[in-house]
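Asks: task: produce atomic coordinates for the following.
(one chain, ligands or ions: 1)
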Amino acid sequence: MALTKDLVRRALTGVDGPDGIDLVTSGAVEWIAVCEADASVKLSVEPTPGREQFASLATACAAAVTREAKRDGVSNVSLLVQFVDEDGSLLYETRTPSAGSPPVREQPPEAAANAKASSLPGVDHVIAVGAGKGGVGKSTVAVNLAVGLARRRLGTGLLDGDIYGPSLPTMLGLGAMEQIAHEGKLQPFLVHGVKAVTIGKLVDPEKPLIWRGPMAHGAFQQLTTRTNWGELDRLVIDLPPGTGDIPLTMAQSLQLSGAVIVCTPQRVAQDDAVRATRMFQQLGVEILGVVENMSYFVGDDGKTYDLFGRGGAEIMAQRLGLPFLGAIPINTALRKNGDAGEPLRNFDPETAGGEQLPKALEQVVGNLESQLALARLRTGSAKPKLTIS
Ligand code: ADP
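Replies: Predicted coordinates:
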């Protein structure tokens, strides 16, 4: 037997928050994810309690879920409870081990964040953004994920490893900024709240470069290991598209916490995305989720047009048993802000052509964080079949 989201939700109706109202009714439950006997819940409670109350609330949640699960014949339940503030920043988290182990233990976020410690010192999680082919919006998603994570007060780095067409100089508005090296290390650009490094600032953008495998690999290694990243919670890597030698070697050369696959809804794009998924899986890299880009278009008439067959990538994700992180519409502001190097504008309804784009991006960022939390929860156990949605 496996846990279900309904079961967890049902259990949480029996736990009262600091306002005396049960967590479900008060709207404190922001996210529930389940995977066999593992579950992860994200709560935003009011008024914000102290550490002790966080701990006792988490204990109550764990007890309620375990009780409810037992009733449905599910044992060895493991629960990750995260408390976040209204911006989604992590305030406190605890994890219950499987039954038979001691009850809820407190873990500071930094200690819990080592599910698959990155091989880069000071960097907690490395997340690769890949795609089966170019032009699907991989770099756009990578940039907006990084900026969205930074907006949640996570120390975030962004590495443009797309040697075929580095887009970060444009998308981040690096313009005339010079790449600086200090004591043999590259200093990342500090832009839009993100520490960024791009191969586009190391090669002449006008001069076509023919990359051979070892050369590309060497350049990528330099970018990752010889950059002064400092302390980072997340490092987002924009990989070259496809499943050829170069993206494969790059994906292999770093210890990744997981990968995000960007796909447009069309059938032909899905086929390529499946290949990209298989590539990561063969390398033992967990797929944190699929993003459907250019999902639909909302016209000036307010009507939604499914130009490419909205939902195609979501169905592909379901078919492969992968989490779906969300859909990003075709949006003129997204393209314009990308060309202007102003990604923060995508998160403000005034400069994003309305509420729709900021909402879609926040959803993708939030879901990615939740999948990462779930991946951490699963670490150490044999890889179970994913049943999360
Ligand atoms: P890739 O990295 O997959 O090659 P890019 O992220 O560079 O793709 O995107 C290609 C072009 O499409 C860029 O001009 C970008 O601004 C635009 N674009 C990407 N996603 C969207 C979208 N959802 N709506 C509008 N334009 C988009």
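
Asks: residues from the stretch 251-389 of the chain in reach of the ligand?
Replies: Neighbours of the ligand within the stretch 251-389 of the chain, by Cβ under 6 Å from any ligand atom: N293, M294, I328, I330, N331, L334, R335, G338. Glycine gets a C-beta too; all of them are placed from N, C-alpha and C.

Asks: how about TSV for those, with pLDDT, neighbour count and distance to I163 added?
Replies: Converted to TSV, these look like this (pLDDT from 0 to 100; neighbours: other Cβ atoms under 10 Å; distance: Cβ to Cβ, whole Å):
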residue	pLDDT	neighbour count	distance to I163
N293	96	26	21
M294	94	25	24
I328	96	26	24
I330	94	17	27
N331	93	21	27
L334	96	24	24
R335	95	12	23
G338	97	22	19
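
Asks: including secondary structure and distance to A269, could those residues go into TSV?
Replies: Output for these, formatted as TSV (DSSP: H, G, I helix; E, B strand; the rest coil; distance: Cβ to Cβ, whole Å):
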residue	secondary structure	distance to A269
N293	strand	9
M294	strand	9
I328	strand	14
I330	strand	14
N331	coil	18
L334	helix	18
R335	helix	18
G338	helix	19
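
Asks: would you mind measuring from P358 to the ligand?
Replies: Applying Cβ to the nearest ligand atom, to the nearest Å, the value for P358 to the ligand is 13 Å.

Asks: helices or strands next to the host helix or strand of that residue in the packing?
Replies: For P358, the element it lies in under DSSP states H and E is helix 356-378. Helices and strands touching helix 356-378, by 3 or more Cβ pairs under 8 Å, 6 or more residues apart in numbering; DSSP states H and E, are strand 29-35, strand 38-43, strand 78-84, strand 123-131, helix 138-151, strand 258-263, strand 287-298, strand 324-330.

Asks: average pLDDT for it?
Replies: Helix 356-378 shows a mean pLDDT of 91.

Asks: and the closest residue in space to L154 that isn't next to it in sequence, helix, strand or coil?
Replies: In space, L154 comes closest to D233 once its chain neighbours are excluded; the distance is 4.1 Å by Cβ to Cβ, 6 or more residues apart in numbering. Classification of D233 by DSSP: H, G, I helix; E, B strand; the rest coil places it in strand.

Asks: surely D233 is in contact with V126?
Replies: No: in this structure, D233 is not within contact of V126 by Cβ atoms under 8 Å, at 10.9 Å.

Asks: out of those two, which sits in the more crowded spot?
Replies: Neighbour count, other Cβ atoms under 10 Å: between D233 and V126, V126 has more, with 24 against 19.

Asks: now stretch 269-281, how far from the centre of its chain.
Replies: Offset of stretch 269-281 from its chain centre (Cα atoms, centre = their mean, to the nearest Å): 18 Å.

Asks: so what touches that stretch?
Replies: Residues outside stretch 269-281 that contact it (Cβ atoms under 8 Å, 6 or more residues apart in numbering): 128, 130-133, 136, 242-243, 247-248, 251, 259, 261-263, 286-287, 290, 312-313, 316, 320, 322.

Asks: next, the buried residues of it.
Replies: A269, Q270, D272, A273, V274, A276, T277, M279, F280 (16 or more other Cβ atoms under 10 Å).

Asks: the nearest residue to P241 once chain neighbours are set aside: how many residues sit nearby?
Replies: Distances taken as Cβ to Cβ, 6+ apart place G134 nearest to P241, at 4.3 Å, with adjacent residues excluded. By the measure other Cβ under 10 Å, the count of residues near G134 is 15.

Asks: give me the three-state assignment for G134.
Replies: coil.

Asks: surely it and L239 touch.
Replies: No: using Cβ under 8 Å, G134 is not in contact with L239, being 11.3 Å away.

Asks: show me the beta-bridge partners of the closest residue to V141 other than its chain neighbours.
Replies: Among residues not flanking V141 along the chain, V262 sits closest, at 4.8 Å (Cβ to Cβ, 6+ apart). Beta-bridge partners for V262, by DSSP bridges, are A131, V291.

Asks: mind listing what M1 touches?
Replies: Going by Cβ under 8 Å, 6+ apart, M1 touches D72, G73, V74.

Asks: looking at these, which one is closest to the ligand?
Replies: Nearest to the ligand among these is V74, at 39.7 Å by Cβ to the nearest ligand atom.
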